[in-house]
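S.K.: no sequence for this one, just the structure:
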């Protein structure tokens with residue numbers, strides 16, 4: 001996760017540490033050691049849980065936002081399309097999937113349930129984020 005430490009005059013949890021998306025509409029704010037994700041294009045729609053977040057750029061310069069929450073992982077491309085939903089089929093999975101379906105372009109075929117089904121890059125990022133918890 002790329003972020004700046006809040007200065008003494010910033011309120012922790014309110015300072016935006018990362019913006020993502022074609023219009024920088026995704027705001028990620030730090031609250032303690034976790035991150036809150038909100039989307040300013042939908043009346044500040046907040047994702048239902050705290051996340052660990054990571055931005056990856058490919059060789060072509062495209063950016064991807066990886067969000068890890070309770071062992072579930074959501075991946076967005078720079079156009080804010082959900083290109084992967086890795087579900088651990090736990091209590092949080094349904095709420096996260098409902099949120100993604102409500103606000104973003106999502107194709108159900110992009111849902112994966114086994115780590116073996118992830119490609120090498122996605123698997124590596126997932127395991128890296130998970131090991132930080």
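M.R.: Good, I have the coordinates. Quantities reported herein were computed from a predicted structural model and do not represent experimental measurements.

S.K.: Taking the centroid of the protein, which residue is nearest it?
M.R.: Nearest to the geometric centre of the chain sits residue 67, at 2.4 Å (C-alpha atoms, centre = their mean).

S.K.: Check for me that it belongs to a strand.
M.R.: Yes - assigned with DSSP: H, G, I helix; E, B strand; the rest coil, residue 67 falls within a strand.

S.K.: Quick one: residues contacting it.
M.R.: Residues in contact with residue 67 (C-beta atoms under 8 Å, 6 or more residues apart in numbering) are 37, 47, 51-53, 73-76. Glycine gets a C-beta too; all of them are placed from N, C-alpha and C.

S.K.: Including distance to residue 87 and secondary structure, could those go into JSON lines?
M.R.: Output for the contacts of residue 67, formatted as JSON lines (distance: C-beta to C-beta, whole Å; DSSP: H, G, I helix; E, B strand; the rest coil):
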{"residue": "37", "distance to residue 87": "17", "secondary structure": "strand"}
{"residue": "47", "distance to residue 87": "15", "secondary structure": "coil"}
{"residue": "51", "distance to residue 87": "15", "secondary structure": "strand"}
{"residue": "52", "distance to residue 87": "17", "secondary structure": "strand"}
{"residue": "53", "distance to residue 87": "18", "secondary structure": "strand"}
{"residue": "73", "distance to residue 87": "9", "secondary structure": "strand"}
{"residue": "74", "distance to residue 87": "10", "secondary structure": "strand"}
{"residue": "75", "distance to residue 87": "12", "secondary structure": "strand"}
{"residue": "76", "distance to residue 87": "16", "secondary structure": "strand"}
